[in-house]
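# Sequence isn't available, so here's the structure alone:
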């Protein structure tokens, strides 16, 4: 049941969602991997929308070089754990939801336990090895994975439904070479907002998800495009599974 304060807070969006939709958001648990450039807008917009439980995992401290894009953090947070800074900001944004933060590195040994009973995973990472781990966890748990990636003024996003769509490894069979790449804050805002939109649509069971499509954003031309992708039958990650265990409440 929504409280009187929640009815007031979500009044304008409940015109679209209805009370039932808002309650679905309240009942949801979303796992966000990363509290940086993408994790900032994703967590902020899911928090203000009223997603009931958000678990955010990151192991880094705030560095001044982060501040051009990681809008969860401020100059005064320099040197603090990102999880501590994120928890403080998100609780201040919406005190009616639960924010769990975990200060650790996601790896093969802990990923399943970290994701726990979450209804979906948001990939807000900046490296492919961890993304492959998140993809494997999503497949094992049969929950969606919402991918996002940025580089300079360019970004990409895709929604992965295990057993139904191309998985992350189908789309990216091989990781690109590791590099220190340029990042512009506005690009993280665009792609993170798309990821958050996809999460909301999934939970609300509305709209057309970004499945079997890789969304491509070219900020230099203010142009969006997409690439059709397909599930690879012999994919080493998802080739043996058949369908998603639906958790859209």
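That came through, no problem. Bear in mind the structure is a predicted one, so any value in this text is a computation, not a measurement.

# And residue 203, its phi and psi?
Residue 203 adopts backbone torsions of phi -70, psi -30, taken as degrees, to the nearest 10.

# Torsion angles phi and psi at the closest residue to it other than its chain neighbours?
Closest residue in space to residue 203, ignoring its immediate chain neighbours: residue 28 at 5.0 Å, by CB to CB, 6 or more residues apart in numbering. The C-beta positions use only the backbone N, C-alpha and C, and glycine is treated the same way. Backbone torsions of residue 28, given as degrees, to the nearest 10, read phi -80, psi 150.

# where do the strands sit along the protein?
Shown for the chain, the strands assigned by DSSP state E span residues 29-33, 53-58, 98-103, 120-123, 145-151, 154-160, 213-218, 223-228.

# Same list, those strands, but as CSV with distance to residue 170 and mean pLDDT please.
Below are the strands of the chain laid out as CSV (distance: least, CB to CB, whole Å; pLDDT from 0 to 100):
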stretch, distance to residue 170, mean pLDDT
strand 29-33, 19, 99
strand 53-58, 25, 98
strand 98-103, 29, 98
strand 120-123, 15, 98
strand 145-151, 12, 98
strand 154-160, 9, 98
strand 213-218, 11, 98
strand 223-228, 12, 98
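
# mind checking which of these is nearest residue 137?
Comparison of the strands of the chain against residue 137 by CB to CB identifies strand 120-123 as nearest, at 6.7 Å.

# Distance to residue 2 for the strands of the chain - can I get that in JSON lines?
JSON lines is the format used below for the strands of the chain (distance: least, CB to CB, whole Å):
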{"stretch": "strand 29-33", "distance to residue 2": "17"}
{"stretch": "strand 53-58", "distance to residue 2": "15"}
{"stretch": "strand 98-103", "distance to residue 2": "15"}
{"stretch": "strand 120-123", "distance to residue 2": "21"}
{"stretch": "strand 145-151", "distance to residue 2": "25"}
{"stretch": "strand 154-160", "distance to residue 2": "27"}
{"stretch": "strand 213-218", "distance to residue 2": "32"}
{"stretch": "strand 223-228", "distance to residue 2": "35"}
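
# mind checking which of those strands is nearest residue 5?
strand 98-103 (15.4 Å).

# Each with direction, which strands does that closest one pair with?
Under the criterion DSSP bridges, strand 98-103 sits next to strand 53-58 (parallel) in its sheet.

# who's in contact with the strand it pairs with?
With contact meaning CB atoms under 8 Å, 6 or more residues apart in numbering, strand 53-58 is reached by 28-36, 39, 43, 46-47, 81-83, 86-87, 90, 97-104, 106, 114-116, 118.
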